[in-house]
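# model this:
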Amino acid sequence: MRPGRLPAPSDLVPGARSVARPPGGESEGRSRLRRWLASSLARYGRLHDDLAADSTSRLSSYLHFGCVSPLEVVELAERRRNNDPFVRQLAWRDFYAQLLAANPELPRSDLRPRGDRWRDDEEAFAAWKEGRTGIPIVDAGMRQLSREGWMHNRARLVTSSFLTKHLYLDWRLGAAHYFDLLVDGDVASNVGNWQWVAGTGTDTRPNRFFNPVRQARRFDPEGEYVRRHVPELANIDGAAVHEPWRLGRAKPRSYPDPVVEHAPAVSRFRRARQSGGHAAGDAGA
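Got it, this is the predicted structure:
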């Protein structure tokens, strides 16, 4: 039997492709694995949350497509010292795969319903998708996703928390957008992490809030990650880049004002959860 025609990328994924997506294939995946284990494994525990350092393995796309196997990655990692932090992170893939196997409705339904009645705000959702929320660390993550088809895990936590907790928009909207763009878009990991952040999944603290400015100061202290992905803010020095609304007249006109303020958003979310999901008022009010 003659082999069939290989599908074109447009047959598999509609829409525009990310311009800086990683090269594919088994050879590339194994080459990256060897290089990263030799150069970065030992410092992974210290730098894996450092946004500017970009020291994670970036193997998730190759694991997703089967270019490298998780068992092979673990076996090679365990031949080297200081492998525990990295191997522990790999275990999350199995955790979410088992969670999905036991709960096949997970991509559509809350694992632990909180009575949420999510807001409907197409304008805020569009700003989030386009990286135009006026919150630099959020916008940097969303623009990295659009450009690379990948996003640093710490930025995934911050951007998804912002959508579900600050904007109080349905996690399914965010998960669908991620899945449209992520080259490593694994169903189990994607929806499992989104539900964790939304507080409808396995997090034991369902009302956990990620303060985006605090997260930015901690994991991008000099603002390098933000300036890398948000060119409107490239000329702002140091940590001031994380709060451009405080710059007054020096704030770049091309960069938007925040779509929401942190403290009112926290109050709205808490009122909504306490009242069984009825959102009260606008977070920016």
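# what stretches of the stretch 1-150 of the chain score poorly on pLDDT?
Across the stretch 1-150 of the chain, the stretches falling below the confidence threshold (pLDDT under 70) are 12-15.
# now the helices for it?
9-12, 26-39, 44-47, 60-64, 70-77, 84-102, 122-130, 136-148 (DSSP state H, counting those that start in this stretch).
# Contacts for the third one, please.
Outside of helix 44-47, the residues that reach it under the criterion C-beta atoms under 8 Å, 6 or more residues apart in numbering are 40, 53, 55-57, 82, 84-86. For the C-beta atoms, the positions are set from N, CA and C on the backbone; glycine is no exception.
# For that helix, output the C-alpha coordinates as PDB.
Extracted C-alpha coordinates of helix 44-47, given in PDB (Å, rounded to 0.1, in the frame of the first residue of the first chain):
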ATOM      1  CA  TYR A  44      17.000  24.200  36.900                       C
ATOM      2  CA  GLY A  45      15.900  24.200  40.500                       C
ATOM      3  CA  ARG A  46      17.200  27.700  41.000                       C
ATOM      4  CA  LEU A  47      16.200  29.300  37.700                       C
END
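# buried residues in that helix?
Y44 (16 or more other C-beta atoms under 10 Å).
# Neighbour-wise, give me the winner out of the contacts of helix 44-47.
Neighbour counts for the contacts of helix 44-47 were taken using other C-beta atoms under 10 Å; the highest belongs to F86, with 24 neighbours.
# Count the neighbours of R114 for me.
Taking other C-beta under 10 Å as the criterion, the count of residues near R114 is 14.
# if I look at V213, how far off is F162?
V213 sits at a distance of 11 Å from F162 (criterion: C-beta to C-beta, to the nearest Å).
# Determine the residues that are contacts of both of these two.
In contact with both V213 and F162: I135, using C-beta under 8 Å, 6+ apart.
# Quick one: residues contacting D184.
The contact partners of D184, taken as C-beta under 8 Å, 6+ apart, are 60-61, 63-64, 150.
# Pretty sure S254 sits against P231.
No: between S254 and P231 no contact is recorded; they are 9.1 Å apart, counting by C-beta atoms under 8 Å.
# if you count what's nearby, which of the two comes out ahead?
Between S254 and P231, counted using other C-beta under 10 Å, the more crowded position is P231 (12 against 8).
# Can you give me the distance of the more buried one to A52?
Computed as C-beta to C-beta, the P231 to A52 distance reads 16 Å.
# on that earlier part again, so between V213 and F162, which is more surrounded?
For V213 against F162, the residue with the higher neighbour count under other C-beta under 10 Å is F162, and the figures read 30 against 14.
# what number of residues lie near the closest residue in space to the more buried one that isn't next to it in sequence?
Once flanking residues are discounted, F162 sits nearest to V138: 4.9 Å by C-beta to C-beta, 6 or more residues apart in numbering. Other residues near V138 number 30, with proximity taken as other C-beta under 10 Å.
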